[in-house]
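Colleague: I need the structure of the sequence given here:
(2 chains)
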Amino acid sequence: MSNNGDKRIQLMSPAGSMEAARLAFDSGADIVYAGVKNISMRPKRVEFDQDISELIDYAHARAKKVYVTVNVCPKTNDLPLFDDRIASLSALNADAVIVSDISVMEHIHKNYPRLPIHASIMTSVVNAEAAKFYKERGASVVVVSRSLDDLEEIKKISEEGEVDLEVFVHGGICYMFDGDCYMSSYWRQTWDFDPDLGRNRLFGQNNNKGECQLICKRDCRLQNESGVIADGRLMRRPDDVGLAKLPFYISMGVKVLKIEGRAMPPSYVANATRLYRQAIDLYYQDPKVFQVLDEWRPAIDDLIEARLEYERTWHIS
Amino acid sequence: MKRPIELNACLANKKTLDDVEIDYFDAFYLGQPYCLKFQGNYIVNTDDLELAVDILHDKGKKAYLVTPAIPTSRELSLVRKALKSADKVGIDGVEASDVGVFRLIRNEFPELRVHVGNFANVYNDRSATLFKELGATRIVPAQELTKDELSDVVSVEGVEFERPIHGPLSLGMAFSCLFLKNEENGKCRQECDGDYFMELDGWRMRSVGTSVLMGEDYCLVEHLQDLLKLNLTAWRLETYFDSAEKISLLGKIYNQALNDGVEARGVGIETIQAAGELSLKGLCNGWHFGRSGRVYVARDELDVKQRG
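Modeller: Just a heads-up that it's a prediction; the model follows:
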């Protein structure tokens, strides 16, 4: 049972392709979020281009929504491209744009006041003052940093920030705060021709430009002059599995629960969406008796394993 | 000759200020933005902060307070306390990387000059203009910008710009401390003060628990003449984890280099070598030239390219 159109918390799933979007909606998502090439966070193979209009039409025909991620920080010479693409998104009636750069936010707020702005996870909001800052810049919704695992801190942002919240409820978590990581461009970047842009640009940049190299998921050794202190995936954090936190999020008025993973396969999106749809529906059947069911464990384990497999076979393109 | 640019360094606590050669610098950032548990951190030890500002002012130097890069709502109470102290003793500026802290300063301490730090992610001229309009007096553009991209940003008028030119820059902020996580009793043993490196596939980064720094020291010492052509107000030596002795030596080196640059003699090889010798794992500056950050680009290499 989807809850689109009422006051219940909404479930948002990642869409790295039309197939993923269709499966997400079929599995119970109210909203999907998707990127547009060169102005969004993920590898191009999971970004939309002109076909974003097909996705928006598909969703609207089913009374569903599409939020479009515009969550990289443009350099000065990227700004005309961003301006063009945002104009297109407004004309296509995207339901919201998820933005990280304050100048992009300001541009949308001034020129497309009817296009809702959500402050991206990449803004790393961990306090109520930051939430207020983005509200004043035009954001109607703030995505709380997924590094913030203290529920009382999230509650403070909700209460004092006086802004609607989206919360990541499932998926991978970075070692660093989102939007504040430079490991990838420190490791590797090169100048090369980008046929989409028709000019040279830097490839293999930091995650602020959407080309994270998953440095924090790799094996490493911590050492000093005495020798190796520890080794393994020292920076890798366990996947977030937020089923047990559902009652808290719903009772404090979080508007949208969000599943991470635009670069994940469509089957992952479908399975994760189905799991969280079941959980949300179960909660609303009787909030007082809600609990994480043992029968969900295999599905959770499968999702975790799928992410590990993704990291093992990851490549950027 | 009056220097055309401010040279500043970063002091985390009283221990370093007591022993550093102040005269080499025009200003200091006080505090350590990555961890409030860092021993003696000026952000928490406000008595030390007030004293440090007085000492620096007595010697004709400027003092700035740095604030936590990403503070939670709970930590904002400590930030407020530090800001009150800083305001009371007439601090010359406060650096905010978090937009929440930026907003707090503008609303609650409107007389304070606000610097926007690296983690505020100023990547383009519009963002710089917006922060200026919101009251920022100085901006540190995103540290990974190339010199050409930096040039676009610093073209904005009416606000000062600062660039880090030396030191192991932060590659990000971790939510939890890598060292503390492994402590059975959760007690901080200040291990971030040691030289811990993380090695991956033959390259390295320095771990300081709550942040990961470059393995090499970022260094633009042999490119200062080019930097002087940009609209920069200040150059920063990022020295939060360095000893007073190393900070003093760096101050001496950059003083000499700055004087050489101003007089257009170019920076001598001895100066470059001296900077390299102070680094544990070598130098890097690739970002400035559109290369991988850990790469070092020498002046000679650029000259060869220009000659074709």
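Colleague: any regions of the stretch 201-317 of chain A where pLDDT drops low?
Modeller: Low-confidence regions of the stretch 201-317 of chain A, defined by pLDDT under 70, span residues A:202-210, A:315-317.
Colleague: can you count the residues close to B:Y296?
Modeller: Residues near B:Y296, counting by other CB atoms under 10 Å in any protein chain shown, number 18. Glycine gets a C-beta too; all of them are placed from N, C-alpha and C.
Colleague: can you check the one 4 residues further on too?
Modeller: With neighbours defined by other CB under 10 Å, the count for B:D300 comes to 9.
Colleague: just the buried residues of stretch B:90-103, please?
Modeller: Across stretch B:90-103, burial judged by 16 or more other CB atoms under 10 Å in any protein chain shown covers B:91-103.
Colleague: kindly apply the preceding question to stretch B:152-168 instead.
Modeller: B:152-154, B:156, B:159-168.
Colleague: nearest the geometric middle of chain B, what residue?
Modeller: B:E238 (3.8 Å; CA atoms, centre = their mean).
Colleague: what does the pLDDT read for that residue?
Modeller: With respect to pLDDT, B:E238 has a value of 97.
Colleague: and it, how far from B:P168?
Modeller: Between B:E238 and B:P168 the distance is 7 Å, computed by CB to CB, to the nearest Å.
Colleague: going along the chain, name the strands of the stretch 1-150 of chain A.
Modeller: Counting by DSSP state E, counting those that start in this stretch, the stretch 1-150 of chain A forms strands over residues A:10-14, A:31-35, A:65-70, A:96-99, A:117-119, A:139-143, given from the N-terminal end onward.
Colleague: pLDDT below threshold where in chain B?
Modeller: Judged against pLDDT under 70, the low-scoring parts of chain B cover residues B:1-3, B:182-184, B:261-266, B:303-308.
Colleague: again, 80 this time
Modeller: Applying pLDDT under 80 to chain B flags residues B:1-4, B:181-186, B:259-269, B:300-308.
Colleague: wondering if the longest strand seen in it reaches chain A at all.
Modeller: With DSSP state E applied, the strand covering the greatest number of residues in chain B is identified as strand B:160-167. No - with CB under 8 Å from any CB of the partner chain as the criterion, chain A is not reached by strand B:160-167; the gap is at least 12.1 Å.
Colleague: list the strands paired with that strand, with their directions.
Modeller: Strand pairing for strand B:160-167, using DSSP bridges, gives strand B:136-139 (parallel), strand B:217-219 (antiparallel), strand B:234-237 (parallel).
Colleague: before we move on, back to that, for chain A, see how far away the residue nearest to the centre of chain B is.
Modeller: Taken as CB to the nearest CB, to the nearest Å, the spacing of B:E238 relative to chain A amounts to 13 Å.
Colleague: and that residue, its phi and psi?
Modeller: When read as degrees, to the nearest 10, the backbone of B:E238 gives phi -90, psi 100.
Colleague: what sits against it?
Modeller: For B:E238, the residues meeting the contact criterion (CB atoms under 8 Å, 6 or more residues apart in numbering or on different chains) are B:C10, B:P164, B:H166, B:G167, B:P168, B:L169, B:S170, B:Y218.
Colleague: isn't the fourth one up against B:L220?
Modeller: What that stands for is B:G167. No - taking CB atoms under 8 Å as the definition, B:G167 is not a contact partner of B:L220, at 10.6 Å.
Colleague: identify the residues contacting residue 18.
Modeller: I went with chain A, as the question did not name one. With the criterion set at CB under 8 Å, 6+ apart, A:M18 makes contact with A:D51, A:E54, A:L55, A:Y58.
Colleague: switch to chain B, please.
Modeller: Neighbours of B:D18 in contact, by CB under 8 Å, 6+ apart: B:A244.
Colleague: name the SS class of it, please.
Modeller: Secondary structure state of B:D18, per DSSP: H, G, I helix; E, B strand; the rest coil, is helix.
Colleague: please report how far it lies from B:E245.
Modeller: Distance of B:D18 to B:E245, given as CB to CB: 12 Å.
Colleague: just B:I70 next, same as before
Modeller: With CB to CB as the criterion, B:I70 and B:E245 are 31 Å apart.
Colleague: check B:F131 too.
Modeller: Taking CB to CB as the measure, B:F131 falls 36 Å from B:E245.
Colleague: neighbour count for those two, which is higher?
Modeller: Comparing B:F131 with B:E245 by other CB under 10 Å, the one with more neighbours is B:F131, at 25 against 13.
Colleague: against which helices or strands is the helix or strand hosting the more buried one packed?
Modeller: In this assignment (DSSP states H and E), B:F131 forms part of helix B:125-133. Using 3 or more CB pairs under 8 Å, 6 or more residues apart in numbering or on different chains; DSSP states H and E as the contact criterion, the elements in contact with helix B:125-133 are helix A:102-111, strand B:136-139, helix B:147-153.
Colleague: mean neighbour count and distance to B:H115 added to the strands paired with strand B:160-167, as JSON lines?
Modeller: Converted to JSON lines, the strands paired with strand B:160-167 look like this (neighbours: other CB atoms under 10 Å in any protein chain shown; distance: least, CB to CB, whole Å):
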{"stretch": "strand B:136-139", "mean neighbour count": "22", "distance to B:H115": "4"}
{"stretch": "strand B:217-219", "mean neighbour count": "26", "distance to B:H115": "19"}
{"stretch": "strand B:234-237", "mean neighbour count": "23", "distance to B:H115": "9"}
